[in-house]
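> How does the following fold in three dimensions:
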Amino acid sequence: RDVLDRTARLESAVASYTRSPTAPLALLGGGSAMHRLVPQALISFLRAHPDIDVTVSESRTPQTVRMLADGEADLGVVLDDEARDCGLRMEPLGDDSLVVIGQAGGILAGRTALTYSEVAEHPLVGLDADSSLRRWIEKHLGPHAPVVRHRTTVASLSVLVSLAVAGAGLAVVPRRAIDPHQPLEVCELQDAWARRHHLLAWGVKDHATSTATAALAEHLRRAALSEPSFRNAYA
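I've put the predicted structure just below:
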């Protein structure tokens with residue numbers, strides 16, 4: 001019985017290498033989407049579809065749109081203001097508006113909304129200069145952006161939020177990056193550019209309407225619906 005049991009387990013392990021090879025799905029998204037939305041969708045999708053692989057890359061919306069249009073990717077999570085009228089098939093995926101956060105009981109206490117210029121009067125913690133979110137913010141601030149003092153910059157939204165919670169400085173982050181149970185102050189950004197939305201964009205590859213692509217899209221929708229930012233926006 002022991003030999004038969006080991007043989008069955010060996011055959012099961014080998015079986016995964018004898019299946020017909022298929023090209024992995026290609027999924028693209030910006031830094032905000034990669035923080036929680038994409039990982040959550042990947043976990044559920046990969047568990048549900050053990051025979052399908054997914055290649056995930058971070059990219060800004062203009063690059064994502066180009067790659068989808070050129071048939072180099074299957075799906076992308078993009079920002080509405082940069083992907084509008086690009087000709088790709090798209091659907092709403094959820095709110096991705098920016099807010100300013102700081103230590104509980106700190107300088108944001110009692111405030112409900114601020115402009116970016118007011119935020120810039122205080123020391124900040126931010127993302128690295130080459131991050132997609134940092135570059136997006138600087139693009140919309142334009143050449144007359146206020147001078148900002150960054151006490152430090154980091155590569156991860158999770159680390160950035162932790163620094164703000166600890167009182168290292170204020171931080172501008174997507175609302176979806178915040179754990180609703182974290183002790184911190186949250187203020188709306190009054191600037192029009194701070195109101196953003198994620199769209200799910202479909203590529204033009206021949207198999208873009210395949211069952212696998214449709215399944216991955218559905219897992220992204222479910223992940224977006226489960227986020228606190230979506231529930232707050234549509235409550």
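> Would you double-check that Thr152 falls in a strand?
Yes. Counting by DSSP: H, G, I helix; E, B strand; the rest coil, Thr152 is found in a strand.
> Wait, it touches Leu124, no?
No. Contact criterion Cβ atoms under 8 Å: Thr152 and Leu124 do not qualify, at 9.3 Å. For glycine as for every other residue, the C-beta is placed from the backbone atoms N, C-alpha and C.
> what do the two both touch?
The contact sets of Thr152 and Leu124 overlap at Gly169 (Cβ atoms under 8 Å, 6 or more residues apart in numbering).
> State the distance from the residue nearest the centre of the chain to Pro50.
With distances taken as Cα atoms, centre = their mean, Ala33 lies nearest the centre of the chain, 0.8 Å away. According to Cβ to Cβ, to the nearest Å, Ala33 and Pro50 sit 24 Å apart.
> Please apply the same query to Gly87.
For Gly87, the distance to Pro50 equals 35 Å [Cβ to Cβ].
> Check Gly167 too.
Gly167 is 44 Å from Pro50, by Cβ to Cβ.
> His197 too?
33 Å.
> More neighbours: these two, which one.
Neighbour totals were compared for His197 and Pro50, and His197 leads with 15 against 9 (other Cβ atoms under 10 Å).
> check contacts around that one.
Contacts of His197 (Cβ under 8 Å, 6+ apart): 79-80, 92-97.
> So which bits of stretch 55-75 are buried?
59-61, 63-65, 67-68, 73-75 (16 or more other Cβ atoms under 10 Å).
> what does stretch 59-70 contact?
The set of residues external to stretch 59-70 that reach it, using Cβ under 8 Å, 6+ apart, is 26, 28-30, 73, 75-79, 82-83, 86-88, 132, 135-136, 201-204.
> Also stretch 120-133?
Residues from elsewhere that reach stretch 120-133 (Cβ under 8 Å, 6+ apart): 30-32, 58-60, 107, 134-135, 146-155, 157, 160, 163-164, 168-174.
> so how far is it off the chain centroid?
Offset of stretch 120-133 from its chain centre (Cα atoms, centre = their mean, to the nearest Å): 17 Å.
> And for stretch 159-168?
Put simply, stretch 159-168 sits 19 Å off its chain's centre (Cα atoms, centre = their mean).
> quick one: buried residues of it?
For stretch 159-168, burial by neighbour count (16+ other Cβ under 10 Å) applies to 160-165, 168.
> and these as a markdown table, adding distance to Thr112, pLDDT and secondary structure?
Conversion of those to a markdown table gives the following (distance: Cβ to Cβ, whole Å; pLDDT from 0 to 100; DSSP: H, G, I helix; E, B strand; the rest coil):
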| residue | distance to Thr112 | pLDDT | secondary structure |
| --- | --- | --- | --- |
| Leu160 | 22 | 95 | helix |
| Val161 | 19 | 95 | helix |
| Ser162 | 23 | 95 | helix |
| Leu163 | 23 | 97 | helix |
| Ala164 | 17 | 97 | helix |
| Val165 | 19 | 96 | helix |
| Ala168 | 23 | 97 | coil |
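> give me phi/psi at Thr211?
phi -60, psi -40 (degrees, to the nearest 10).
> Tell me where the chain has helices.
Along the chain, the segments classed as helices by DSSP state H run 2-18, 31-35, 37-48, 61-69, 80-83, 116-119, 132-141, 157-165, 211-225, 228-234.
> Distance from the chain centre to the second one, please.
Right, helix 31-35. 2 Å.
> List the neighbours of that helix that are in contact with it.
Applying Cβ under 8 Å, 6+ apart, the external contacts of helix 31-35 come out as 56, 58, 77, 96, 127, 131-133, 157-158, 174, 176-177, 198.
> If anything else comes up later, I'll come back, but that's it for now.
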